[in-house]
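Engineer: 3D, please:
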Amino acid sequence: MDLDVLSTKTTRRRRTEDYLVVYLDIFISEANLDQLSQLGLLIESFTDPNECTTFITRLEDKKVFCLIADQLVEESILFLNYSPLVTSIYVICINEPIDEFLTNDYTKVKGIYGNILPLIDALKRDVALVDRNSTLVTVLSSALPSQSINTLDAMFMYCELLKETFLEMNHSEQAKRALIDFCKREYADNKIALDIIDEFDQHYEKHSPTWWYTRDCFVYRMLNKALRTFDIEVINKFGFFIKDLHHQLQDLRHTLPARNFTLYRGQG
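Structural biologist: Residues are numbered from 1 along each chain as shown. Sure thing, here's the model as predicted:
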């Protein structure tokens, strides 16, 4: 069965971000989906627990934050709690009383909520925490221990050659347009992300590349994952941005004081 037909309402784009919100409910509330869209993350919604578990099982390399309605907890909680891809579980308790044992016996359950708003606040904090604990992509550190040094050296050299290629290229306005069009397809169902993509399109030169990269938006999410998973298609789309970012960092290197200092990728 095609994965794209499994969800009740699916974004059909699941390659370019590390994080994914899965919403499992008997009745999918459009109001709840609108509220969740404020997170700026990809959202997949399901009314059937079996379709939901099948979808998660077939995912690769994602951190899943799962929202589940009280009526579906009993038949789904065991799988969700022990799925290696599920990071956190949030129970929406409106119709059925939920025993507090859930938060004790199932370690991934972060809370039981009577409505969606406090749940979203908790989800924002947890996503930010996971994000801060995730290191900036390094191809070498993500390699399996069994890989040979020669393989790692080859990967490193390939990355260097790719970077040098971007630096040598004369990127036209069409390069930015290709990235914008690609991002809009990836985030077609996410109004918050689309607004930021439009802002990037219209006002890219107004801010520095480091400003865009440190902003909590599609730029660092897509680029980080592409580098970590070595997704050449996405890396190529960001070629002009990588070149601009490299040049800005080179300029900073020459203008900042010659001493050690700490860099942070900011949130916000």
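Engineer: what residues are up against T47?
Structural biologist: 8, 24-28 (Cβ atoms under 8 Å, 6 or more residues apart in numbering). Where you see a C-beta, it was placed from the backbone N, CA and C, and this is true even at glycine.
Engineer: Buried members of these into PyMOL, please.
Structural biologist: What follows is the PyMOL syntax for the buried subset of the contacts of T47, where burial is set by 16 or more other Cβ atoms under 10 Å:
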select buried, resi 24+25+28
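Engineer: D121 versus D131, what's the distance?
Structural biologist: 16 Å (Cβ to Cβ, to the nearest Å).
Engineer: ok, those two, which is more surrounded?
Structural biologist: Each of D131 and D121 had its neighbours counted (other Cβ atoms under 10 Å), and the higher figure belongs to D131 (17 against 11).
Engineer: In terms of helices and strands, where is that one?
Structural biologist: Using DSSP states H and E, the element containing D131 is helix 116-133.
Engineer: buried ones in that helix?
Structural biologist: For helix 116-133, the neighbour count (16+ other Cβ under 10 Å) marks 116, 119-120, 122-123, 126-127, 131 as buried.
Engineer: Could you do stretch 169-178 as well?
Structural biologist: Residues of stretch 169-178 classed as buried under the neighbour-count rule (16+ other Cβ under 10 Å) are 175-176, 178.
Engineer: contacts for that stretch?
Structural biologist: Stretch 169-178 is touched from outside by 201, 204, 237, 239-240, 243, with contacts defined as Cβ under 8 Å, 6+ apart.
Engineer: Now with 10 Å, please.
Structural biologist: Applying Cβ atoms under 10 Å, 6 or more residues apart in numbering, the set of residues contacting stretch 169-178 from outside is 166, 200-201, 204-205, 236-244.
Engineer: Chain neighbours aside, what residue packs nearest to L252?
Structural biologist: Leaving out its chain neighbours, the residue that sits closest to L252 by Cβ to Cβ, 6 or more residues apart in numbering is T210, at 8.0 Å.
Engineer: That neighbour reaches L245, doesn't it?
Structural biologist: Yes: contact status for T210 versus L245: in contact at 6.8 Å, counting by Cβ atoms under 10 Å.
Engineer: These two - which one has more neighbours?
Structural biologist: For T210 versus L245, the count of surrounding residues by other Cβ under 10 Å is larger for L245: 19 against 16.
Engineer: ok but the more buried one is inside a helix, no?
Structural biologist: Yes: judged by DSSP: H, G, I helix; E, B strand; the rest coil, L245 forms part of a helix.
Engineer: And the closest residue to it other than its chain neighbours, how far from I68?
Structural biologist: With Cβ to Cβ, 6+ apart as the criterion, L245 has its nearest non-adjacent residue at 4.0 Å, and that residue is P209. To I68, P209 is 39 Å away according to Cβ to Cβ.
Engineer: Who has more neighbours out of these two?
Structural biologist: Neighbours were tallied for P209 and for I68 using other Cβ under 10 Å; the higher tally belongs to I68 (23 against 19).
Engineer: phi, psi of the more buried one?
Structural biologist: When read as degrees, to the nearest 10, the backbone of I68 gives phi -140, psi 130.
Engineer: Quick one: the strands in the stretch 51-200 of the chain, in order.
Structural biologist: Ranges of strands within the stretch 51-200 of the chain are 63-69, 86-92, 109-113, based on DSSP state E, counting those that start in this stretch.
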